[in-house]
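> I'll drop the sequence and a predicted model, then ask my questions.
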Amino acid sequence: MMIDLSGAEWFKSSRSTSSGGECLEAAHLGGGSVGVRDSKLGEASPVLVFGPAEWDSFTGALRGGRFDRP
């Protein structure tokens, strides 16, 4: 399925402090979906699209520390 990204309003997290360009951008795509891309590639970046349940699961795992490095 192709998703029209032409009207997407991309943003970086307010917690993003990276000056080395290792940031992700996200955009709310409607219907609860969220797109994620590499900020340094901008428009040329591939986009991962998460449905509402997938996004909630992912952000819950982040908040729970599941991806923290030891």
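Ah, there it is.

> which stretches of the protein form strands?
Here the chain has its strands, by DSSP state E, at 24-30, 33-38, 48-50.

> As a markdown table, those strands with distance to residue 7 would be great.
Backbone N, C-alpha and C define where each C-beta goes, glycine included. As requested, these are exported to a markdown table (distance: least, Cβ to Cβ, whole Å):
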| stretch | distance to residue 7 |
| --- | --- |
| strand 24-30 | 9 |
| strand 33-38 | 11 |
| strand 48-50 | 14 |
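
> Export the ones you listed to a markdown table and append columns for mean pLDDT, distance to residue 9 and mean neighbour count.
Output for those, formatted as a markdown table (pLDDT from 0 to 100; distance: least, Cβ to Cβ, whole Å; neighbours: other Cβ atoms under 10 Å):
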| stretch | mean pLDDT | distance to residue 9 | mean neighbour count |
| --- | --- | --- | --- |
| strand 24-30 | 91 | 6 | 17 |
| strand 33-38 | 93 | 10 | 18 |
| strand 48-50 | 94 | 15 | 16 |
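
> Which one of the ones you listed lies nearest to residue 8?
strand 24-30 (3.9 Å; Cβ to Cβ).

> what's the closest one packed up against?
Contact here means 3 or more Cβ pairs under 8 Å, 6 or more residues apart in numbering; DSSP states H and E; on that basis strand 24-30 packs against strand 33-38.

> which residues are contacting the strand it packs on?
3, 5, 8, 10, 24-29, 45-52, 55 (Cβ atoms under 8 Å, 6 or more residues apart in numbering).

> out of the strands of the chain, nearest to residue 61?
Among the strands of the chain, strand 48-50 sits nearest to residue 61 (Cβ to Cβ), with 12.1 Å.
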